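J.: when you get a sec, could you give me coordinates for this:
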Amino acid sequence: MAEVIIVKSQDEAGALVGASIADLIAANPRAVLGLATGSTPIVVYNHLASQVKERNIDVSQVQGFALDEYAGLPVEHPESYRSVITRTVVEPVGLTPDLVHVPNGDLSTIATAGRDYDAAIAAAGGVDVQILGIGTDGHIGFNEPGSSLASGTRIKTLTEQTRLDNARFFNSLDEVPTHCITQGIGTILKARHLVLLAFGENKADAVAQSIEGPVSAMCPASAMQLHPHATFVIDEAAASKLKLADYYRWVFDNKPQWQGL
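T.: Numbering: from 1, shown residues only. Now for the predicted structure:
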C-alpha cells in the first residue's frame, strides 16, 4: 500500500516534501529529480528553494527530468514545459540548466524522442524521487485513461478534459496543443520514490480511485499501488472520499522518525 499523508494546507505539503528533497540532495549531491509541471508542485519547489538557500546546499550537480512536453510548441513559448521548468524550478532552486532535461517535442524528431528520453534517464542512473500531480480523471504526466501501465515515454493525444484543464495557461482553448510527449507509466514506475501531491475537492474522486480503487488503466495513477515506495501527500479536501482516511492519519502520526518521507 502507498503511504498517504493528509495535511492541513498546501503550504504544509510543500514544506514536508521540499525538506525531504533537500535532505536527499544534501546526502547525494548528484541526485536525480523527476519534475512535474502545473500549479500543484510549485509550493514544493518554493520550499526546496528556501531550504537550499538556508542550508547552503550545493545543487550544481543535481540532474532533473521533466515528465512531459507539448508536441510542436516552440521551447521559447512561455507555456512550453521547458519554459515552465526554467521559471519554477531551475531559476528559484539554482539548478544547472544544462543538467535539467525536458522531452523533445520537436515534430521533426518526435518519432525517436521517447526512446531517446528513456535512454537519457537510464544513463543518469534513474530518477531518485519523482514529483507527480494528478488530473481530475486520474492521469499522471500526460498518461490519459486507457494508457498502458507498462508504457515508456511516447507521443500521446490529449483528451478534451486535459486540454480544458490546461486552457487557463493559454489565451484560449484553441492554443492548447492536441499532442504531447510524456514519460509513460512504466517509465514513471522506475523511479525509486514517487511522491504525488493533490489539493482540493475536485481531486477527491481521482485520489480515492488511485489509492483505494482497483489498479486499472482507466485510472493511470492507480499504478502507484504497484510501486514499493509511493507517497501521496494530500489535503483534507482531496482526502474527503477516502474510506481509510483515519487509518492513514494514525499510521503517519505513529511513523518512526528515522523512516523519513
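J.: roughly how far does Trp258 sit from Ile188?
T.: 27 Å (C-beta to C-beta, to the nearest Å). To be clear about C-beta, it is placed using only N, CA and C from the backbone, and glycine gets the same treatment.
J.: so where do the helices sit in this structure?
T.: 10-27, 42-55, 81-85, 91-93, 110-123, 160-166, 185-189, 204-212, 245-253 (DSSP state H).
J.: quick check, distance from the shortest one to the centre of its chain.
T.: Centroid displacement of helix 91-93 relative to its chain, using C-alpha atoms, centre = their mean, to the nearest Å, is 17 Å.
J.: buried residues, that helix. List them.
T.: 92-93 (16 or more other C-beta atoms under 10 Å).
J.: check contacts around His101.
T.: Taking C-beta atoms under 8 Å, 6 or more residues apart in numbering, we find His101 in contact with 63-66, 117, 120.
J.: so how far is Asp137 from Asp205?
T.: For Asp205 relative to Asp137 (C-beta to C-beta), the value is 9 Å.
J.: repeat that for Gln63.
T.: 30 Å.
J.: residue contacts, the nearest residue to Ala71 once chain neighbours are set aside?
T.: Distance criterion C-beta to C-beta, 6 or more residues apart in numbering; nearest residue to Ala71, sequence neighbours excluded, is His179 at 4.0 Å. For His179, the contacting residues are 70-72, 155-158, by C-beta under 8 Å, 6+ apart.
J.: again with Asn104
T.: Contacts of Asn104 by C-beta under 8 Å, 6+ apart are 69, 110, 113, 116-117, 181.
J.: show the buried residues in those.
T.: Here, 16+ other C-beta under 10 Å leaves 69, 110, 113, 117, 181 buried among those.
J.: farthest pair within those?
T.: For the buried ones among the contacts of Asn104, with distances taken as C-beta to C-beta, the pair at the greatest spread is Ile110 and Tyr117 (11.1 Å).
J.: pull up the overlap in contacts between the two.
T.: 104, 181.
J.: got the contact list for the worst-scoring helix or strand of the chain on mean pLDDT?
T.: Ranked by mean pLDDT, DSSP states H and E, the weakest helix or strand in the chain is helix 160-166, scoring a mean of 83. By C-beta under 8 Å, 6+ apart, the residues outside helix 160-166 that reach it are 135-137, 139, 142, 144, 173, 176, 178.
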